[in-house]
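1. Prediction below, plus the sequence it came from.
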Amino acid sequence: MSNNQQWNRRSFLFTMSGAGAALMLNPLLSWAATEQDPRVARYCCKNIWNRYTQSH
C-alpha cells in the first residue's frame, strides 16, 4: 500500500479527465514540435503511397 492517501481512484480519474478535456479544447498543447520535419513528411508520404499502390 502507498503512504500517499491523497491519490485515490476518484482523484486520479478527476485529474485525468481534466487533462483530457484540456487537450481536446486545445490539441496544440500535445504537440512536441511546432514545425514539420521534412524527413517525417517524406516517410509518411512514401508509406501512404506504397500502401495505396499495393491495394489498387
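-> Received it, and whenever you're ready, just let me know what you need. Only a predicted model underlies this, so the values are computations on that prediction, with no experimental measurement involved. Residues are numbered from 1 along each chain as shown.
2. how about low-confidence regions in the chain?
-> 1-6, 27-34, 55-56 (pLDDT under 70).
3. same thing but at 80, please
-> 1-7, 22-37, 51-52, 54-56 (pLDDT under 80).
4. how about the helices of it, start to end?
-> Using DSSP state H, the helices of the chain run over 9-25, 38-55.
5. Which neighbouring elements make contact with the longest one?
-> In other words, helix 38-55. If contacts are counted by 3 or more C-beta pairs under 8 Å, 6 or more residues apart in numbering; DSSP states H and E, helix 38-55 sits against no helix or strand. Heads up, the C-betas are built off the backbone N, CA and C, glycines and all.
6. Let me have the helices of the chain in a markdown table, extended by mean neighbour count.
-> Shown next, in a markdown table, are the helices of the chain (neighbours: other C-beta atoms under 10 Å):
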| stretch | mean neighbour count |
| --- | --- |
| helix 9-25 | 10 |
| helix 38-55 | 9 |
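7. what about residue 14, distance to residue 22?
-> 13 Å (C-beta to C-beta, to the nearest Å).
8. what does residue 50 give?
-> Counting by C-beta to C-beta - residue 50 and residue 22 are separated by 37 Å.
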